[in-house]
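Visitor: 3D, please:
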Amino acid sequence: MANQYTRKAIQDEFLDQLSHKPLNKITVSSIVQNCRINRNTFYYYYQDIYDLLRDILNSELKKTVDYCSDSPAWEDWFLYAIQVILQNPEAIGNLYHSSQQNLLHDYLFESTGIIMRQYILSVGQELKPQPADVELLTLFYQCALTELVEQWLENGMTDDAEKVIRHIGQLMNGTIREALIRSENLRG
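Guide: Predicted structure coming up:
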């Protein structure tokens, strides 16, 4: 239990510092000093700051994958996936404007891919869409949603993310099912 506590303390301290300063200004020294641990303890868990960041994003991705089975709406899944952004806007803003922006992009892209593939498969459960069409639809929505979030980050996160996602859900309602029906009909 102490190991999980220490690891969580390191992660929390990192996110707190990232909320107040750019990624390239955060040091292992400042993290260990504020956590009141020694450097060896930090290096027991992480190779460096970027490894710590990847671990936080990977943990969020695992939570998203687990959550996806609990709700029938892709919007709920997607909003859950971006909770790390919504709960840490300054930290994620600093990450987005850093040289490690690609880690955030990869997290968003992978999360939305998992979400949309699982959603598309659940919508098409009783249909027989072509696997290539499922992958194409997944990629389309994956790219669109990732870019939507990145534009939102670029514009300073001023819009209400939940409101926008719910509205997109209303606009898209039924379109994935219709596409899967067309895919099934193209098969014959």
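Visitor: Which residues are in contact with Pro72?
Guide: Contacts here follow C-beta atoms under 8 Å, 6 or more residues apart in numbering; on that basis Pro72 touches Ser122. Every C-beta, even on glycine, is put in place using the N, C-alpha and C of the backbone.
Visitor: quick one: it from Pro89, how far?
Guide: Going from Pro72 to Pro89 by C-beta to C-beta, to the nearest Å gives 28 Å.
Visitor: Mind listing what's buried along stretch 119-129?
Guide: Neighbour-count burial for stretch 119-129 flags 119-120, 123-124, 129 (criterion: 16 or more other C-beta atoms under 10 Å).
Visitor: brain fart, stretch 90-108
Guide: Buried residues in stretch 90-108, counting neighbours by 16+ other C-beta under 10 Å, are found at 91-96, 98, 103-105, 107-108.
Visitor: Give me the residues contacting it.
Guide: Taking contacts as C-beta under 8 Å, 6+ apart, the residues outside stretch 90-108 that touch it are 15-16, 18-24, 50, 53-54, 57, 60-61, 81-82, 84-85, 145-146, 149-150, 153-154, 156-157.
Visitor: and if we set it to 6 Å?
Guide: Applying C-beta atoms under 6 Å, 6 or more residues apart in numbering, the external contacts of stretch 90-108 come out as 15, 18-19, 22-23, 53, 57, 85, 146, 149, 153.
Visitor: Repeat that for stretch 39-53.
Guide: Stretch 39-53 has contacts (C-beta under 6 Å, 6+ apart) with 7, 14, 26, 28, 32, 103.
Visitor: pLDDT of the one helix or strand His167 maps to, averaged?
Guide: Element membership for His167 (DSSP states H and E) is helix 161-172. Helix 161-172 shows a mean pLDDT of 89 in the predicted model.
Visitor: in that helix, what counts as buried?
Guide: Within helix 161-172, the residues that qualify as buried are 161, 165, 168, counting by 16+ other C-beta under 10 Å.
Visitor: and these as CSV, adding distance to Leu180?
Guide: CSV is the format used below for the buried residues of helix 161-172 (distance: C-beta to C-beta, whole Å):
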residue, distance to Leu180
Ala161, 27
Ile165, 21
Ile168, 19
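Visitor: from those residues, which single one is nearest Leu186?
Guide: Proximity of the buried residues of helix 161-172 to Leu186, judged by C-beta to C-beta, is greatest for Ile168, which lies at 26.0 Å.
Visitor: residue contacts, Leu57?
Guide: Shown here is Leu57, whose contacts under the criterion C-beta under 6 Å, 6+ apart are Tyr107.
Visitor: any idea how far it lies from Glu184?
Guide: Counting by C-beta to C-beta - Leu57 and Glu184 are separated by 36 Å.
Visitor: again with Ser99
Guide: Relative to Glu184, and taking C-beta to C-beta, Ser99 is found at 45 Å.
Visitor: Over to Leu18?
Guide: Leu18 sits 46 Å away from Glu184, taking C-beta to C-beta as the criterion.
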